Structures are given as structure tokens and as C-alpha cells.
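Trainee: need a 3D model of the sequence below.
(one chain, ligands or ions: 2)
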Amino acid sequence: MRLLVLSALLLALAPGLLAQPARPVVVAHRGSSGYLPEHTLVAKAHAHALGADFIEQDIVLTKDDVPVVLHDLYLDAVTDVARRFPGRARPDGRHYALDFTLAELRQLEVRERANLKTGEAQYPGRYPAAAASAGLRIPTLEEELTLIQALNRSTGRIAGIYPEIKAPRWHRDQGRDPSRVVLAVLARFGYADRTAPCFLQCFEWEEVRRLRGELGWKGRLVQLIGGSGQSADGTDYGWLVSEAGLKAVAAVADGIGPALGRVVNWPAAGAPVQVTDLVTRARALGLAVHPYTIRRDDLPRHCPDLPALHAALFEKARVDGAFTDFPDLTLAHVRR
Ligand code: G3P
Ligand code: CA
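Mentor: Ligands and ions are numbered 1, 2, ... in the order given. Presented below is the predicted three-dimensional model:
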């Protein structure tokens, strides 16, 4: 009884805790992107309905400094921009969101992601490209947060948010500051400290430090770590996973978001999974570990199937959560 009263009190004081269950958390990667075109509001509403604990937003800026929810800096892979705005590409042939006003972006139709090299669907078994006329649009960050908070209220179940600031170095080189813009929006929507159901994430180490330092972000913060190489700002991922790197991350962030291969690997077909020591080392420093991305139609090399990937991550590596394109399937696993 005392426990019940305490829980009720905690929820009243910090409703965001509802988004942090005792089991590993399931982050809907770009929404329920295995079923609907990524980062559309229908994909976010669907992810909420499927029960995702957190719903991800990748964020870039428009020409008029509006934060919009879009994965790439450019529009070509998920919209009809080339047809609607001929002659607006940069010399590399791509149409950048930063070169278009929000009013212009609103004229674009969003469709299932295409492979720009082949022109074919990136994931052929997903939402049909021919259904592009469904009127899907690029949402602003404000529109998306409004939707999620409205669903939290109408369903009585709180889904958290997981915003990622995309390419801050690139934006700042062009005189823009997406982190500042995004933090202002998050504050307006009540995401301001660690009790809020929110993890802010970024691949760039300099920006993660800046968010915590100069920009004063008080909420939860995650350093993303690519599978190899460096991020656009020169962040050395190999260093980040070293003892010194992880300690530095733990001094400013609450967690890491590594590529799957930094946690689990299958060295050959039929071979058992190998689990790296990254989760153990990170958790010893107090860092949560949320790897990306679980896709049933794009499994890691030599991974036999989705149940094997789920078991490797949640039972063998014991991660604290994961990004998934199929939140219902991952939820079914972690709930078991
Ligand atoms: O942010 C976690 C995961 O989404 C990172 O990969 O490229 O899909 O943003 P990406
Ligand atoms: Ca992301």
C-alpha cells in the first residue's frame, strides 16, 4: 500500500517517469518507420499507438530557421523536391532543407525512402512508394511535439521524445545554430530537466559538451557513436569508446547510442554472437546504452533473424534500450 502511494506521488510530481519503465526502453526510430514513411506525423502517431516508450525526432533547420523533423540535410531521398523545385539543387545535385523556407517545404510530398543511387526503395517490403499521394508532409518540431503531447493526454500513456540535433557543425559553418533553436522549443514544451521524458542526442562530441556547458541543457543527454570512422565535425568514435573517451562522455552525458556493431557481432554465418565489453564498461561509468538500429529487413551481417538480434541485445549484452524501426516487435520481445 505504501508503495502504491509512493508511486502515485512520484507520478504526480514527475509524470515523465511513466516513459521510463523498469525493462529496457524501446525507441521508435523515426517513428514506426518500418510501416510508414519515416518522420511523418502518421508514423509518429502509429508509434505511439504501438506503445513505443520514446519516439525519435531527427532535426534540421529551414532557410527561415524553423526546426523540422527530417533525417537527411537534403530532401531528395524522401520527397518529390526535384520535381517541384527544379534548379534549386546545390552543386552536389542535392536539395538542402536549409535552402528552402517552411512554406516551400510544406509543398513537398513525403514518400518512403529511396536509394538515391538506384532510385529504388531503400526497403522494398515497406510502405509502397506509389502511395506518395497520401499527402504526407515534413512536420515541424513544434507540430510533432504537439501531436505527441496530445496523444499522451488523450491515451493516458506518456511516450517520451528522443530529439537528435543533426549536423550542428555543418549548420554553424553556415551561420546557423540548431541546438539553440531546438532547446528553446523543448523548453516551451516543458522538456527542461531530467524528470522530463526526453533524451537529447547528437553524434558530435563538441556539440554534446556545448549543449551541457555553454547552452545549459539540464535534461538527459546521449552521445551517439557511429560504427566506424568520424562524424562530420571530426568526432573520433574510436576514441569515444576508449576508457578515456567513455569517462569524458560520462562527465557530461547520461548515455551512449552506439551503432549495433559496437555491441553485438556475428563473425560468420552460423557462428554464435559475440558481445563486446562496451555495455559493461559504459554502465560501470553510469552511462545508459541505447544502440541503433533494429530492422527486421536489414539485420546485421550474419545475424540469423530478428529474435536472435533481440536476444543478443537484451539478454546477452543487456542494453538499457534500443532504437527500432519496428517498435511493436521489439516491445513484444522486451515485455516477455
Ligand atoms: O539517433 C540514433 C539513430 O537514429 C542514429 O542513426 O542516422 O538514423 O540518425 P540515424
Ligand atoms: Ca537519429
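Trainee: ranges for the helices of the protein?
Mentor: For the chain, the helices defined by DSSP state H occupy 2-13, 41-50, 81-84, 102-105, 141-155, 168-173, 178-188, 205-212, 237-240, 243-252, 278-284, 306-311, 327-335.
Trainee: I'd like those helices laid out as a markdown table, including mean neighbour count and mean pLDDT.
Mentor: For every residue, glycine as well, the C-beta is placed using N, CA and C. Listed next are the helices of the chain as a markdown table, based on neighbours: other CB atoms under 10 Å; pLDDT from 0 to 100:
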| stretch | mean neighbour count | mean pLDDT |
| --- | --- | --- |
| helix 2-13 | 10 | 39 |
| helix 41-50 | 22 | 98 |
| helix 81-84 | 16 | 97 |
| helix 102-105 | 17 | 98 |
| helix 141-155 | 17 | 98 |
| helix 168-173 | 18 | 98 |
| helix 178-188 | 18 | 98 |
| helix 205-212 | 22 | 98 |
| helix 237-240 | 17 | 97 |
| helix 243-252 | 16 | 98 |
| helix 278-284 | 17 | 98 |
| helix 306-311 | 18 | 98 |
| helix 327-335 | 20 | 98 |
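Trainee: any chance of those in TSV with distance to I59 as columns?
Mentor: Shown next, in TSV, are those (distance: least, CB to CB, whole Å):
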stretch	distance to I59
helix 2-13	29
helix 41-50	13
helix 81-84	18
helix 102-105	13
helix 141-155	6
helix 168-173	10
helix 178-188	6
helix 205-212	12
helix 237-240	21
helix 243-252	20
helix 278-284	25
helix 306-311	28
helix 327-335	20
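Trainee: out of those, the one nearest G119 is which?
Mentor: helix 81-84 (11.2 Å; CB to CB).
Trainee: chain center to the closest one, what's the gap?
Mentor: 27 Å (CA atoms, centre = their mean, to the nearest Å).
Trainee: CSV for the helices of the chain, including distance to ligand 1?
Mentor: Below are the helices of the chain laid out as CSV (distance: least, CB to the nearest ligand atom, whole Å):
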stretch, distance to ligand 1
helix 2-13, 28
helix 41-50, 13
helix 81-84, 20
helix 102-105, 19
helix 141-155, 15
helix 168-173, 13
helix 178-188, 14
helix 205-212, 13
helix 237-240, 12
helix 243-252, 15
helix 278-284, 16
helix 306-311, 16
helix 327-335, 13
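Trainee: nearest to V27, of the ones you listed?
Mentor: Using CB to CB, the helices of the chain put helix 327-335 closest to V27, at 7.9 Å.
Trainee: contacts for the closest one, please.
Mentor: Defining contact as CB atoms under 8 Å, 6 or more residues apart in numbering, one finds that helix 327-335 is touched by 23-24, 26-28, 32, 47, 50-52, 294, 296, 306-307, 310-311, 314, 322, 324.
Trainee: same check on stretch 224-237?
Mentor: 164, 167-170, 201-207, 240-241, 245, 256-262, 292.
Trainee: residue contacts, the residue in the stretch 151-300 of the chain positioned nearest to ligand 2?
Mentor: Closest contact between the stretch 151-300 of the chain and ligand 2, by CB to the ion, is at E164 (4.1 Å). For E164, the contact set (CB under 8 Å, 6+ apart) comprises 56-59, 200-203, 224.
Trainee: for G175, see how far away the residue sitting nearest the centre point of the chain is.
Mentor: For the chain, the residue nearest the mean C-alpha position is E56 (4.0 Å; CA atoms, centre = their mean). Separation of E56 from G175 (CB to CB, to the nearest Å): 27 Å.
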